[in-house]
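> Let's see this in three dimensions:
(one chain, ligands or ions: 1)
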Amino acid sequence: MSGSFVFNSVSRTHFGIGSVADLSAVCQGLNVKKPLIVTDAGIIACGLLASTQGNLEAAGLQPVVYDSVLPDPPESNLHESLALAKEQGCDGVIGFGGGSSMDVAKLVAAMLVSSQPLQEMYGVEMISGGRTPLVQIPTTAGTGSEATAVAIITTGESSKAGVVSPVLFADEIILDPELTLGLPAAVTAATGIDAMVHAIEAFTSVRLKNPLSDMVALQALQMLSANIETAVQDGSNIEARSAMLIGAMLAGQAFANAPVAAVHALAYPLGGTYHIPHGLSNSLMLPHVLRFNSSHCADLYLHVAEAVDGVDTAYLTQANIGDALAEHFSKLAERLGLQTRLRDMNIQRDALVSLAEQSMDQQRLLINNPRDVQLDDALKLYQEAY
Ligand SMILES: [Fe+2]
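Model (predicted):
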């Protein structure tokens, strides 16, 4: 290890079955009396927020709920929730839901105390002010958004823009596995693979990886890989749900510092053009990128194989590790009931060129990849995944 590094993270993490009941005390500790809770209609419909809202009110707090966050949240979600928070005089923000709700919560917390226009916040370290107190409570185990300082917003039909700033790290996060018990199997599978991709790509990132991001990435991989099949097969297994929730958060910590790379770069066009869920897009591309990258990071992949549950490491070498990991994740996706080929996703073969071209727009991710990815490489990877 040479050179210097900085490891950023959320300063306080609460974990426990039923720990969402700590929220009132957390708000009081942060001196928040009227929090804006940012969530989506699905959370309200399944009654996941009701008892938490009741607990806050019983503790004398006055929560205000914005429940219209959409998947791949558009800018209108920010403007609406900000207007509500201002109108109600909110003094803190709670993200309660998946990555979309938590991303919106991050930006609303910053916009509540700043006159800086949203357009000027896009990019890396562009936020000029601070934010209100911010608490994040994930109800899925995948995005790791609770542990990152990134918010991704849909700015046009399918174009997305990110805000990256240390300001967006929450004050506190609450991990309560009971909140994830109702996640459908397909969502558990896809978001769990996404979390593992975060850990793998952070561990092999050529930029900003360090001993701390490595440590959390490997621990994340171990917990996620050992529990994903149980969590998918038996959604009520609280031990497996706990491990998935902690693992996804640790993977978030890893890629908040050592950013993700080609799997995500190739997955984004699938989401943008075909609206394939983010986790599934990553799962479709993962085996092919593992094979492609292995000549450039075989030593790191050998460590990945040791962390991943169920990989027989006895005969692994730098020459066969790429194939072995690719095979492992292909079979895992099949066992989890996920689609494994692009042709199963209603994508025409002649659309692969356009996907490859779009992936080249993801240079902010491709620069982290262990192996250089050019247009013809991206096209080959889509062809292999077809
Ligand atoms: Fe991801």
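> Okay, now the unreliable bits of the protein?
The chain contains residues with pLDDT under 70 at 1-2, 158.
> which residue ranges form the helices in it?
23-29, 41-45, 50-58, 75-88, 99-111, 185-204, 211-233, 238-257, 262-274, 278-307, 321-335, 352-359, 363-366, 375-385 (DSSP state H).
> Straight-line length of stretch 173-186, end to end?
25 Å (Cα to Cα, to the nearest Å).
> Which positions in that stretch come out as buried?
The neighbour-count check on stretch 173-186 (16 or more other Cβ atoms under 10 Å) flags 173-181, 183, 186 as buried. The way it works is simple: take the backbone N, C-alpha and C, and place the C-beta from them, glycine included.
> so what's the most centrally placed residue in the chain up against?
For the chain, the residue nearest the mean C-alpha position is T143 (1.9 Å; Cα atoms, centre = their mean). T143 is in contact with 98-99, 102, 191, 194-195, 248, 252, 278, counting by Cβ atoms under 8 Å, 6 or more residues apart in numbering.
> Surely Q219 is in contact with L250?
Yes - at 5.5 Å, Q219 and L250 qualify as touching, with contact defined as Cβ atoms under 8 Å.
> Give me the more crowded residue out of those two.
Remark: of Q219 and L250, L250 carries more neighbours, 26 against 18, as counted by other Cβ atoms under 10 Å.
> Skipping its backbone neighbours, what lies nearest the more buried one in space?
A220 (3.8 Å; Cβ to Cβ, 6 or more residues apart in numbering).
> neighbours around that neighbour, how many?
30.
> roughly how far apart are T340 and A265?
Look at T340 and A265: by Cβ to Cβ, to the nearest Å, they are 20 Å apart.
> more neighbours, the two?
A265 (27 against 18).
> Skip the chain neighbours and tell me the closest residue to that one.
Using Cβ to Cβ, 6+ apart, the nearest residue to A265 is Q362, at 3.6 Å.
> what residues are up against the one you found?
Counted by Cβ under 8 Å, 6+ apart, Q362 has contacts 264-266, 268.
> Top of those by number of neighbours, please.
That'd be L266 among the contacts of Q362, by other Cβ under 10 Å, with 31 neighbours.
> from memory that one sits against K380, does it?
No - counting by Cβ under 8 Å, L266 does not reach K380; the two are 10.9 Å apart.
> burial measure for L23, as a count.
L23, neighbours per other Cβ under 10 Å, totals 26.
> Please apply the same query to S11.
10.
> how far away is the closest residue in space to it that isn't next to it in sequence from S9?
Sequence neighbours aside, D171 is the residue nearest to S11 in space, at 7.1 Å (criterion: Cβ to Cβ, 6+ apart). As judged by Cβ to Cβ, D171 and S9 stand 12 Å apart.
> again with E327
For E327, the distance to S9 - Cβ to Cβ - is 34 Å.
> So between the two, which is more surrounded?
More neighbours surround S9 than the other of E327 and S9, with 21 against 15 (other Cβ under 10 Å).
> got the contact list for the more buried one?
With Cβ under 8 Å, 6+ apart, S9 has these contacts: 147, 169, 253, 256-257.
> So what's the residue count around the residue nearest to S11?
19.
> Roughly how far does it sit from T13?
If you go by Cβ to Cβ, the gap between D171 and T13 works out to 11 Å.
> ok so, going back, could the helices of the chain go into TSV alongside distance to S159?
Below are the helices of the chain laid out as TSV (distance: least, Cβ to Cβ, whole Å):
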stretch	distance to S159
helix 23-29	35
helix 41-45	24
helix 50-58	34
helix 75-88	11
helix 99-111	16
helix 185-204	21
helix 211-233	29
helix 238-257	22
helix 262-274	8
helix 278-307	15
helix 321-335	28
helix 352-359	10
helix 363-366	14
helix 375-385	19
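> now for the ones you listed, which one comes closest to A161?
helix 75-88 (9.0 Å; Cβ to Cβ).
> any idea what sits nearest P74, other than its immediate chain neighbours?
T154 (4.9 Å).
> which residues touch that neighbour?
Counted by Cβ under 8 Å, 6+ apart, T154 has contacts 72-75, 160.
> run the last query once more with 6 Å
If you count contacts by Cβ atoms under 6 Å, 6 or more residues apart in numbering, T154 has them with 72, 74, 160.
> Which PyMOL command selects the buried ones in those?
A single PyMOL command selects the buried members of those (16+ other Cβ under 10 Å):
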select buried, resi 72+74
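> K209: which of the contacts of T154 is nearest?
Taking the contacts of T154 together and measuring to K209 by Cβ to Cβ, the closest member is K160, at 24.4 Å.
> Would you mind measuring from the residue nearest to L250 to F255?
For A220, the distance to F255 - Cβ to Cβ - is 10 Å.
> same check, this time on K86
K86 is 32 Å from F255, by Cβ to Cβ.
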